[in-house]
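[1] Fold the following.
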Amino acid sequence: MEVQEILHRLESLRDPTAIEGMARYGITPDSTYGIKIPRLREIAKEAGRRHELSLSLWDIKTRETMILASMTADPVKFTEELMDSWTLEFDYWEICDQCCMNIFEKMPIAYRKAEEYAYRDEEYVKRTGFVLMARLAVSDKPAVDDRFKPFFPIMLDGCTDERNMVKKGVNWALRQIGKRNASLHAEAISVGEEMLEIDSKSARWIATDALRELRSESVQRRLGIL
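    Numbers count the residues shown, from 1 in each chain. Presented below is the predicted three-dimensional model:
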């Protein structure tokens, strides 16, 4: 499957009525076909992981082609320079999260870049750092706890950022790391309690929401705490 065939497929699936619904959830790219993620995954599966195709799709700059670029990117050929370049172009949450899920978390440098991005000033670059933390907590099953512990002080540093996309990223990271096992759960609870003491609306929101889930009976039972 080549670029033109993909574009024809996207045009055939165009759903203008879906665009308004996407906008209500903060999905606001400059150009979109209004196609849902499961359909894009079907196209990406047909196309396969192909580096040059991925680069071409990214350069077209529609929501769908950029998401497909992340789905078809080859982790072996994808570079740190590309990772930085793509991240600087993020301007709404979905493209950030899709790139983290589809390609960034598969990079050997993912942990290092999560820390680096979380200290950046740009809203969506900073969000990328915390989303990467959350995604690695979910996807890197064999990782030892020490891979995640350095993220806790970074969350404490970032929790006072009032920008919506950043604070939601911090919240996601704290919840997902805290749900890995009983040991990380205890540390996440401690960090959440520390956030509650900070004089910041953002920190209190992050902590209150995360602690509600982490202290829930379902989470504690799954982790063998209850």
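[2] right, and Met71 touches Asn102 too?
    Yes - with contact defined as C-beta atoms under 8 Å, Met71 reaches Asn102; the gap is 4.9 Å. The way it works is simple: take the backbone N, C-alpha and C, and place the C-beta from them, glycine included.
[3] what about the residue most central in space within the chain, which helix or strand?
    With distances taken as C-alpha atoms, centre = their mean, Asp97 lies nearest the centre of the chain, 3.1 Å away. Element membership for Asp97, per DSSP states H and E: helix 93-102.
[4] which strands and helices sit next to that helix?
    Other helices and strands packing on helix 93-102, by 3 or more C-beta pairs under 8 Å, 6 or more residues apart in numbering; DSSP states H and E, are helix 63-72, helix 80-88, helix 123-139, helix 164-178.
[5] Tell me which of these sits nearest to Ile6.
    Smallest distance to Ile6 across the helices and strands packed on helix 93-102 (C-beta to C-beta): 6.8 Å, for helix 63-72.
[6] now the closest one, how far from the centre of its chain.
    14 Å (C-alpha atoms, centre = their mean, to the nearest Å).
[7] buried sites along the helix or strand that the helix holding Asp97 is followed by?
    Following helix 93-102 in sequence order, the next helix or strand is helix 110-118 (DSSP H and E). Within helix 110-118, the residues that count as buried by 16 or more other C-beta atoms under 10 Å are 110-111, 113-114, 116-118.
[8] I'd like the residues you listed written out as JSON lines, with distance to Pro16 and pLDDT added.
    Formatted as JSON lines, the buried residues of helix 110-118 follow (distance: C-beta to C-beta, whole Å; pLDDT from 0 to 100):
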{"residue": "Ala110", "distance to Pro16": "36", "pLDDT": "97"}
{"residue": "Tyr111", "distance to Pro16": "41", "pLDDT": "98"}
{"residue": "Lys113", "distance to Pro16": "36", "pLDDT": "98"}
{"residue": "Ala114", "distance to Pro16": "36", "pLDDT": "98"}
{"residue": "Glu116", "distance to Pro16": "39", "pLDDT": "98"}
{"residue": "Tyr117", "distance to Pro16": "34", "pLDDT": "98"}
{"residue": "Ala118", "distance to Pro16": "37", "pLDDT": "98"}
